[in-house]
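*Asks:* Quick one, fold the following:
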Amino acid sequence: MLLAGLVGASLAISGAAFQGLLQNPLADPYTLGVSSGASVGAVLVLFLGLSFPIFAIFTLPIMSIVTAVLTLLFVITFARMLDKTLSIETLILTGIVMGSFLGSVISLMIALTGEELRQIVGWLLGSVAMRGWNYVGLLIPFFVIGSLLLLIQGQELNAMSLGEERAKQLGVPTEKRKAIILLAASILTGAAVAVSGTIGFVGLVVPHICRKLFGVDHRHLLPLSLINGATFLILADLISRTIIAPVELPIGVITSLIGAPIFAGILYHQRKERAVA
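*Replies:* Reported below is the predicted structural model:
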């Protein structure tokens, strides 16, 4: 339960930060391909049996974080090459394409490895089942660092939501702040994926609901997303364990069943509003 709460909080606050920074309500670690990038790093560690002495037991989350950051940088850079305005459609489409490609890379590694890695398929669907206290210990340092870095950026995110030029006029060092926010969100996403697999739509659904209920001020939105993300994933985990007991569903299945319709609804309303305008 504690691990589910930490993972949910990590993904939700990351989603709120991505949405605020990119001024895009459809941005989250899953739709941007960041979760898939983190999964590649985790599976690569298992595939090659990597263990760097300097990192020891933290090799898995650190590799996930590195590949998450690289994926995010590629998605944003490529989307900007296609569309200088970095429109919603271009960014999301690039993230989905990147996520699909990385999913194929993961499938290839599983196929090449054989039976000993086939159990990873269930992990990739997203689960906190059979995870002991060692997984909690792996996540907590990155959770604390990433969350604190984001929570202190609330005022800056408010300024940047007005536009980069306006934020600069208000005295915000935008390039530095963007780098900190992207790094912190990628740390949280990479560490969460390393211990739980790919759990989609938490970073999309929770910040969107919090924004509707409590407003767009990131000084409140970030901590509320963190708290409600933890609550949401704990409840999703409870449902996954009990809905067809004694069989336990992957928690990622539950979050996708909830998140995909909400994603479609947000996209529909955005298109409708744009058509009216």
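*Asks:* Please enumerate the strands of the stretch 101-250 of the chain.
*Replies:* With DSSP state E, counting those that start in this stretch, there are no strands along the stretch 101-250 of the chain.
*Asks:* Without its sequence neighbours, what residue ends up closest to Ile145?
*Replies:* Ile187 (6.4 Å; Cβ to Cβ, 6 or more residues apart in numbering). C-betas here are computed from N, CA, C, even on glycine.
*Asks:* since we're on Met130, how many residues are nearby?
*Replies:* Residues near Met130, counting by other Cβ atoms under 10 Å, number 9.
*Asks:* again, but for Thr255
*Replies:* 29.
*Asks:* same deal with Arg211?
*Replies:* A count of nearby residues for Arg211, using other Cβ under 10 Å, gives 20.
*Asks:* wait, what's in contact with it?
*Replies:* Taking Cβ atoms under 8 Å, 6 or more residues apart in numbering, we find Arg211 in contact with 16, 19, 25, 221.
*Asks:* Do you know the pLDDT at it?
*Replies:* Listed pLDDT for Arg211 reads 90.
*Asks:* With Ser225 instead?
*Replies:* 95.
*Asks:* just Thr198 next, same as before
*Replies:* Per-residue pLDDT puts Thr198 at 81.
*Asks:* So it sits against Ser35, correct?
*Replies:* Yes - taking Cβ atoms under 8 Å as the definition, Thr198 is a contact partner of Ser35 at 4.9 Å.
*Asks:* If you count surrounding residues, which of these two has more?
*Replies:* Set side by side, Thr198 and Ser35 show more neighbours around Ser35, with 32 against 24, by other Cβ under 10 Å.
*Asks:* any idea how far the helix or strand containing the more buried one is from the chain center?
*Replies:* Assigned by DSSP states H and E, Ser35 belongs to helix 34-48. Counting by Cα atoms, centre = their mean, to the nearest Å, helix 34-48 is centred 14 Å from the centre of its parent chain.
*Asks:* likewise stretch 148-159?
*Replies:* Relative to its chain's centre, stretch 148-159 lies at 17 Å (Cα atoms, centre = their mean).
*Asks:* how about low-confidence regions in the stretch 151-277 of the chain?
*Replies:* The model of the stretch 151-277 of the chain has pLDDT under 70 over residues 274-277.
*Asks:* what about the helices in it?
*Replies:* 154-160, 164-169, 174-196, 202-214, 218-242, 251-276 (DSSP state H, counting those that start in this stretch).
*Asks:* re earlier: what sits against the residue nearest to Ile145?
*Replies:* Ile187 is in contact with 65, 142, 145-146, 149, counting by Cβ under 8 Å, 6+ apart.
*Asks:* Dump these to a markdown table, plus neighbour count and distance to Val75.
*Replies:* Shown next, in a markdown table, are the contacts of Ile187 (neighbours: other Cβ atoms under 10 Å; distance: Cβ to Cβ, whole Å):
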| residue | neighbour count | distance to Val75 |
| --- | --- | --- |
| Ile65 | 25 | 16 |
| Phe142 | 25 | 21 |
| Ile145 | 15 | 23 |
| Gly146 | 25 | 19 |
| Leu149 | 17 | 21 |
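*Asks:* which pair in the residues you listed spans the largest distance?
*Replies:* The two members of these with the most space between them (Cβ to Cβ) are Ile65 and Leu149, at 12.9 Å.
*Asks:* Just give the number of residues close to Thr242.
*Replies:* Thr242: 11 surrounding residues under other Cβ under 10 Å.
*Asks:* no, scratch that, I was asking about Ile92
*Replies:* So Ile92, with other Cβ under 10 Å, has 21 neighbours.
*Asks:* What residues does it make contact with?
*Replies:* So Ile92 contacts 24, 26-27, 31-32 (Cβ under 8 Å, 6+ apart).
*Asks:* And the residue nearest the centre of the chain, how close does it get to Ser186?
*Replies:* What sits nearest the mean C-alpha location of the chain, by Cα atoms, centre = their mean, is Pro29, with 2.8 Å. Per Cβ to Cβ, to the nearest Å, Pro29 is found 8 Å from Ser186.
*Asks:* Need the overlap of contacts for the two.
*Replies:* With Cβ under 8 Å, 6+ apart as the test, Pro29 and Ser186 both reach 14, 68.
*Asks:* what about stretch 207-220, distance to the chain center?
*Replies:* So, by Cα atoms, centre = their mean, the centroid of stretch 207-220 is 18 Å from its chain's centroid.
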